[in-house]
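# Build me a model from this:
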Amino acid sequence: MESQKAKKFNKEKTLKEVKEKISQVSSFKKLKEIEKEYLGKKGLIKDLFKEIKSLTEEEKRRVIPPIQSFQKEASLLFEDKEKEIKKEEFNEELLRQSEKIKAKKPKIGHLHPITQTIRLLNKVFIEMGYSIMDGPELENDEYCFRRLNVPPNHPARDMQDTIYVESPKFLLRTQTSSIEARALEKYKPPFKIVCPGRVYRNEKPNKSNHFVFHHYQGVVVMKKVTLKDLFGTIEHLFKAIYGPQVEIRFRNKYYPEVEPGVGPDMICFKCRGKGCVLCKKVGWIEMGGAGIIHPNLIEMAGLDKNKWMGFAFGLGLDRWAMAKYNISDIRTLLGDDLAYKYYENENTL
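This is a model prediction of the structure:
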């Protein structure tokens, strides 16, 4: 007599039934109960195989494969669910045994305002086709003074201003114009370069000056340039960094390496032109110096002054950072105050 249960067994339907029951299980004990129901000694599979004994060989060939397949797939389902439950129980046990640690979130570092400002300026000049150049901070008299049209008797060489390492030959550079002198000697024009870097002068620190500070030098050498090109470049830079509403002006200034020379000023970001300690009560802050490169520099570089000319500018990088990030005291840029807080007493230098 054929077994009705074995003949009517539907693998897919029974497997779906097992999956639904397993999905609702959250304990190891309940999972084992379901497993016994299907795969245990008194479970469904054992009952089916008992009934198969009474089937013919032909019926066995038809009935046995789906039962065996079900047994294999169901076993894998129970194994996977068992691993899942054990993992969950393990994690719960870890949580029970763990201690809650109260700790402040660590402070996240950031780039120094000077570094941020250099990167902003670099981006603007790279977009205008400039190259970035660096040079030594320990300089010699030739490149820091002589090739910049500063003769031996010039006041800039005074020991009160220049920090000499080995007088009179070696010194800490007083300006990144020394890189300009090296570029004029080394590279064949035309070229456009900018040179950010640290410089040194023997000065008493106050809100707007320091003995260690930063310059941002720019040099353009071509067959023909004008003050209009220089003004347009500097004006574009101001607007790119501070926005189109920025107020600037140019004043006649003397610099030995340029002729004529100009000084770009920006309205004081602290008082907005009213006059304060930071701007020394004038309402404007000098942001650098610029001008048409002096013919003497062109000649000293071995170039034909009738064929080549250029313009140069040197920006007070620290002041550009102060204006960009609303820092009212240059001394905080080289201090140990990571928050760059302003000095409390705004009335003292």
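
# residues contacting the closest residue to Val282 other than its chain neighbours?
Nearest residue to Val282, sequence neighbours excluded (Cβ to Cβ, 6 or more residues apart in numbering): Gly275, at 6.4 Å. In this view, the C-beta of every residue, glycine as well, is placed from N, C-alpha and C. Counting by Cβ atoms under 8 Å, 6 or more residues apart in numbering, Gly275 makes contact with 268, 281-283.

# from the residues you listed, which two are the most distant?
Maximum pairwise distance among these (Cβ to Cβ): 9.7 Å, between Cys268 and Lys281.

# Those two: which has the busier surroundings?
The neighbour comparison of Cys268 against Lys281 (other Cβ atoms under 10 Å) goes to Cys268, with 21 against 11.

# Now do the same contact list for the nearest residue to the more buried one once chain neighbours are set aside.
Spatial nearest neighbour of Cys268, chain neighbours left out: Cys279 (3.8 Å); criterion: Cβ to Cβ, 6+ apart. Residues near Cys279 by Cβ under 8 Å, 6+ apart: 208, 268, 270-271, 285.

# got it, and Leu121?
Neighbouring residues of Leu121 by Cβ under 8 Å, 6+ apart: 194, 196, 216, 237, 241, 315, 317, 320.

# Make a markdown table out of the contacts of Gly275 and add pLDDT.
Shown next, in a markdown table, are the contacts of Gly275 (pLDDT from 0 to 100):
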| residue | pLDDT |
| --- | --- |
| Cys268 | 91 |
| Lys281 | 90 |
| Val282 | 91 |
| Gly283 | 92 |
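
# ok, so of those residues, who is nearest Ala156?
For these, the nearest to Ala156 is Val282 (23.6 Å; Cβ to Cβ).

# Can you tell me the SS state at that closest one?
Following DSSP: H, G, I helix; E, B strand; the rest coil, Val282 is assigned to coil.

# ok, now Ser26?
Relying on three-state DSSP, one would call Ser26 coil.

# What backbone torsions are found at it?
Backbone torsions of Ser26, given as degrees, to the nearest 10, read phi -130, psi 0.

# What's the local residue count around it?
11.

# I'd like the numbering to begin with 43 instead of 1 from here.
Okay, residue one is now 43; in that scheme the one you just asked about reads as Ser68.

# right, and it touches Ile127 too?
Yes: if you go by Cβ atoms under 8 Å, Ser68 and Ile127 touch, sitting 7.2 Å apart.

# so how far is Arg291 from the residue nearest to Cys310?
As judged by Cβ to Cβ, to the nearest Å, Cys321 and Arg291 stand 13 Å apart.

# just Pro178 next, same as before
34 Å.

# Likewise for Lys128?
For Lys128 relative to Arg291 (Cβ to Cβ), the value is 76 Å.

# Just the residues contacting stretch 125-142, thanks.
67-70, 73.

# Rebuild those as TSV, extending it with distance to Met351.
Converted to TSV, the contacts of stretch 125-142 look like this (distance: Cβ to Cβ, whole Å):
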residue	distance to Met351
Val67	87
Ser68	84
Ser69	88
Phe70	88
Leu73	88
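
# Which SSE is immediately downstream of the longest helix out of those in the chain?
Across the chain, the longest stretch assigned as helix under DSSP state H is helix 99-139. Going down the chain from helix 99-139, the next helix or strand is helix 155-169, by DSSP states H and E.

# Identify each buried residue in that next one, please.
Within helix 155-169, the residues that count as buried by 16 or more other Cβ atoms under 10 Å are 155-156, 159-160, 163, 166-167.

# Include pLDDT when you put those residues into a markdown table, please.
Formatted as a markdown table, the buried residues of helix 155-169 follow (pLDDT from 0 to 100):
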| residue | pLDDT |
| --- | --- |
| Pro155 | 90 |
| Ile156 | 92 |
| Thr159 | 95 |
| Ile160 | 95 |
| Leu163 | 96 |
| Val166 | 96 |
| Phe167 | 96 |
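
# Enumerate every residue touching Lys312.
The contact partners of Lys312, by Cβ under 8 Å, 6+ apart, come to 318, 320-321, 370.

# hang on, the earlier thing: distance of the residue nearest to Cys310 relative to Ala365?
11 Å.

# what sits in contact with each of those two?
Ile327.

# re the thing from before, just the buried residues from the contacts of stretch 125-142, in ChimeraX please.
One line in ChimeraX is enough to select the buried ones among the contacts of stretch 125-142; burial here means 16+ other Cβ under 10 Å:
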select :67,73
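
# Which single one of the contacts of stretch 125-142 is nearest to Ile335?
Ser68 (81.4 Å).

# List the residues that contact the closest one.
Per Cβ under 8 Å, 6+ apart, neighbours of Ser68: 127, 130.

# re earlier: need the contacts of Lys312 in JSON lines with pLDDT, can you?
Output for the contacts of Lys312, formatted as JSON lines (pLDDT from 0 to 100):
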{"residue": "Cys318", "pLDDT": "88"}
{"residue": "Leu320", "pLDDT": "82"}
{"residue": "Cys321", "pLDDT": "85"}
{"residue": "Ser370", "pLDDT": "82"}
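
# Restricted to helices, list those residues.
Short answer: the contacts of Lys312 have none in helices (DSSP H).

# Now distance to Lys55 too, for those, in JSON lines please.
Converted to JSON lines, the contacts of Lys312 look like this (distance: Cβ to Cβ, whole Å):
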{"residue": "Cys318", "distance to Lys55": "87"}
{"residue": "Leu320", "distance to Lys55": "85"}
{"residue": "Cys321", "distance to Lys55": "87"}
{"residue": "Ser370", "distance to Lys55": "80"}
